[in-house]
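Asks: Here is the input, now give the coordinates:
(one chain, ligands or ions: 3)
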Amino acid sequence: MDKLKAAILIVSDTASQDPASDKTANALAPILAAEGKWEPPAIKIVPDNVFQIQQAVCEWSDSANWYNLILLSGGTGFAIKDNTPEAVSPLIHRHAPGLVHGMIAASLKVTPFAMMSRPVAGVRDKSLIITLPGSPKGAIENLEAVVKLLPHACLQSAGANSRNMHAAGVKSLEAEAGVSADSSSGTQLQKKQSICSHHHGPGHVAPKAHTSSNRQQSNDPSAGPNRRYRSSPYPMLSVEEALMQISEHTPEPIIVDAPVNTAIVGSVVAEDVYAAESVPAYKASIVDGYAVIAPDSSNNAPSTKGVFPVASITHANVGGSLKPLQPGTIARITTGAPLPPNANAVVMVEDTDLVSSTPDGTEEATVEILTGDIEPGENVREPGSDVRLGEKILTRGDIISPTGGEIGLLASTGIRTVKVFRKPRVGVLSTGDELVEHDDPCTLTGGQIRDSNRPSLLSCLSSWGFPTVDLGIARDTPASELEHALRDSLRGVGRASSSVDVIVTTGGVSMGELDLLKPTIERTLGGTIHFGRVSMKPGKPTTFATIPFKEAGDGNTQQERKSKLIFSLPGNPASALVTLNLFVLPSLHKLCGLGESSRALSTKPWLAPQLGLPRVAVVLTHHFPLDPKRTEYHRAVVTGSRSDGRLYATSTGVEGVGQRSSRVGSLASANALVVLRPGRGVGIKGEIVEALMMGSVYGSDTRLIC
Ligand SMILES: Nc1nc2c(c(=O)[nH]1)N[C@H]1C(S)=C(S)[C@@H](COP(=O)(O)OP(=O)(O)OC[C@H]3O[C@@H](n4cnc5c(N)ncnc54)[C@H](O)[C@@H]3O)O[C@H]1N2
Ligand code: MOO
Ligand SMILES: [Mg+2]
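Replies: Ligands and ions are numbered 1, 2, ... in the order given. Predicted coordinates for the structure are as follows:
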């Protein structure tokens, strides 16, 4: 049999500072080695930090080179900083209370303090995870209590056929462990289990109002539909309250050094930028013509009017040094070319006549200048007259616009890299067993539907200029598929080759038993849901959460993010797009530094960009029905009137199913969301209301409201 792979994670603030102080890893490794069934273990040390513990465990369990056994030592006691069980519990797919019981029973024979340990054991994917006490003595006792069973448990967890394993001599293992065949199974021990699991289903904890300290409030999917909540535990926030939560929990933007090229278009500049070179760098001609010495008080030169020999030629890309212009001669020059030394003005070719050519007839020999009014400096750009060396060319908060002016300034002044706020990378994940790829040539059967959310959200995000990652579809069953998809995208493995800053999911956020997003975020990923319901139509179950995640700064930046954002949008296609526009965009704007821009321009508020969609006032061209309770974001076409300069809103469909949240067509051709506050009856034709602009406004006449 190939040897099994084991890993040991030492959880200790002290050992993470001073690895030499750890004695436990070296005490545990020989116990495994003595069994002859294990490869030498991988060893890692992390501080008592939930996220770092989870990251290390997931790296060992979720990668292609997964480990059969992951032992953790430390952080299992009652001290405030002891949080290893809390970090490991949510990662476990199948708990193994038998192992926990076995370890505690063995330790109790040695000391009653064994009751003060809080071990956790179970299987994540194919890896068996066991937590051990931090002291070498305690860790050894606990590991020795179960070590004989571990190869068997690990092989079964990895999918080996248990009958074959028994045939291959597992009974001998049991004998070695001193357990009889009929009492060795987990079921026997599970029946006697005395340690409470860490799961609190709805049966144990009544739904409470949302607070950040009361995090585990979503349905426990393993509890079954008969125990799910029958009213949402999430308070209903107004849109304004939801936007405040987003603003509060969206981290500050991160600064990176970026090369000056088209990739920075749309970025916000994170530093004041000063010209590295002057423009022009030399005395340059503004026109095609002849460089001359125009008279002034210092040179006593004769009038420029008259016939002159053409002494030299300078072109715009001239290299090397130029011969000084001798008095009484002129030099042919092209636009942008450097003036020869002594020359102080340029006469346009239109103000001259050819007098004679060279003997071979190919070149000008003498030229007559027809004007005597040339002033020194005429048609000349002095060095640094466009941009002075060291002059401030861009201010922190400026946007690199697609019109090209800012890139042009940077390029012309020799700036090769510039500090900008990094644009957030956004991953888009669809969820649901019913989903079929939109371009799958199959014929739909049963309750299948095409995944329209992913392509529509990805295109919308790209149109805003954000880098996107297509995270594919996560099935509802098994539930671990969703967890894996989310973890992989946070860590930058699988479909996300580098980690994303923001995850946008669609589907699975409402009240169904397969609506798994909220429980997965809270219970499995240790995230915090800041809101899970909003009083709006469409989009009521929109969910916003942060997931703690430690990400060291890359080579470009010293900063690090401490959390990532998850926007879990409703599955209905119109709801998903509307909420992407309404909630995700302002957060992305803050992440890419537009908030800084507003701050920088606070003295010129008319220039300061707003976060999120621009807001305008529109006139309704017909009656719009109102929702009695929720603010509606009614999809509409807004046109500008040439005659009165006002904006007019026409619904993309009020009749029948026009605005139904499943009807993504309500957004086709729409360029605005008309904000209809709740009320009775209708918004009256001619009434002025607020609208959020998603696209450009085209002109029209006013015929619609006459
Ligand atoms: N008992 C209640 N039921 C529902 C409530 C409620 O408050 N109580 N809210 C309703 C509202 S409002 C909405 S919106 C939806 C939100 O549903 P979920 O976010 O849980 O989404 P699913 O159940 O997964 O799917 C809903 C619907 O959308 C279709 N869908 C999902 N993903 C996609 C996709 N990628 N492309 C196209 N269509 C998609 C899915 O097939 C369903 O038809 O819940 C109401 N229920
Ligand atoms: O709030 Mo839902 O998005 O109407 O269908
Ligand atoms: Mg649902």
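
Asks: show me where pLDDT drops low in the stretch 451-600 of the chain?
Replies: 497, 550-561, 597-600 (pLDDT under 70).

Asks: Ser563 against Gly526, yeah?
Replies: No - with contacts counted by CB atoms under 8 Å, Ser563 stays clear of Gly526, the gap being 10.7 Å. C-beta: built from backbone N, CA, C; applies to glycine.

Asks: which neighbours do these two share?
Replies: Common neighbours of Ser563 and Gly526, counting by CB atoms under 8 Å, 6 or more residues apart in numbering, are Ile547, Pro548.

Asks: Tell me the backbone dihedrals of the residue in the stretch 351-500 of the chain positioned nearest to ligand 1, please.
Replies: Here the stretch 351-500 of the chain gets closest to ligand 1 at one residue, Asn453, 3.3 Å apart by CB to the nearest ligand atom. Main-chain dihedrals, Asn453, degrees, to the nearest 10: phi -70, psi -40.

Asks: unless I'm mixing things up, it is touching Gly432, no?
Replies: No - applying CB under 8 Å, one finds Asn453 not in contact with Gly432, separated by 9.4 Å.

Asks: More neighbours: which of those two?
Replies: Higher neighbour count among Asn453 and Gly432: Asn453, with 30 against 23, using other CB atoms under 10 Å.

Asks: re the thing from before, between Asn453 and Gly432, what contacts are shared?
Replies: Gly507, Gly571.

Asks: And for Ile688, the neighbour number?
Replies: Counted with other CB under 10 Å, Ile688 comes out at 13.

Asks: ok, now how distant is Thr334 from ligand 3?
Replies: 70 Å (CB to the ion, to the nearest Å).

Asks: try Gly77
Replies: From Gly77 to ligand 3 the distance is 41 Å (CB to the ion).

Asks: Name the secondary structure element that contains that residue.
Replies: Following DSSP states H and E, one finds Gly77 outside all helices and strands.

Asks: my guess is it contacts Met115, does it?
Replies: No - using CB under 8 Å, Gly77 is not in contact with Met115; the gap is 11.0 Å.

Asks: So the two - more neighbours on which side?
Replies: Neighbour totals were compared for Gly77 and Met115, and Gly77 leads with 17 against 10 (other CB under 10 Å).

Asks: Do me a favour and average the pLDDT over stretch 377-394.
Replies: Average pLDDT, stretch 377-394: 96.

Asks: For stretch 331-341, measure first residue to last.
Replies: End-to-end distance for stretch 331-341: 11 Å, by CA to CA, to the nearest Å.

Asks: and that stretch, which residues are buried?
Replies: For stretch 331-341, burial by neighbour count (16 or more other CB atoms under 10 Å) applies to Ala331, Arg332, Ile333, Thr334, Gly336, Ala337, Pro338, Leu339, Pro340.

Asks: Check stretch 439-453 too.
Replies: Asp451, Ser452, Asn453.

Asks: Tell me where the stretch 51-200 of the chain is predicted with low confidence.
Replies: 161-200.

Asks: Quick check: which ranges of the stretch 251-400 of the chain have low pLDDT?
Replies: 316-320.

Asks: so which residue of it comes closest to ligand 2?
Replies: Pro251 (27.5 Å).

Asks: leaving aside the residues next to it on the chain, what's closest to the most centrally placed residue in the chain?
Replies: Centroid-nearest residue in the chain, with CA atoms, centre = their mean: Asp501, separated by 2.4 Å. Using CB to CB, 6 or more residues apart in numbering and skipping residues adjacent in sequence, the residue nearest Asp501 is Pro424, 3.9 Å away.

Asks: what about Ser21, neighbour count?
Replies: 12.

Asks: Is it in contact with Thr14, as I believe?
Replies: Yes - Ser21 lies in contact with Thr14 (CB under 8 Å); the separation is 5.6 Å.

Asks: Would you mind listing the outside residues contacting the host helix or strand of Ser61?
Replies: Using DSSP H and E, Ser61 sits in helix 50-62. For helix 50-62, the surrounding residues in contact (CB under 8 Å, 6+ apart) are 7, 9, 11, 42, 44, 46, 66-67, 70, 72, 75, 83-84, 86-88, 90-91, 124-127, 129, 484, 487-488, 491, 493, 526, 548-550.

Asks: Filter those residues down to the buried ones, ChimeraX style.
Replies: Applying 16+ other CB under 10 Å to the contacts of helix 50-62, the buried members can be selected in ChimeraX as follows:
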select :7,9,11,44,46,66,67,70,72,75,83,84,86,87,88,90,91,124,126,127,129,484,487,488,491,493,526,549
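
Asks: quick one: which of the contacts of helix 50-62 sit in strands?
Replies: 7, 9, 11, 42, 44, 46, 70, 72, 124, 127, 129, 548-550 (DSSP state E).
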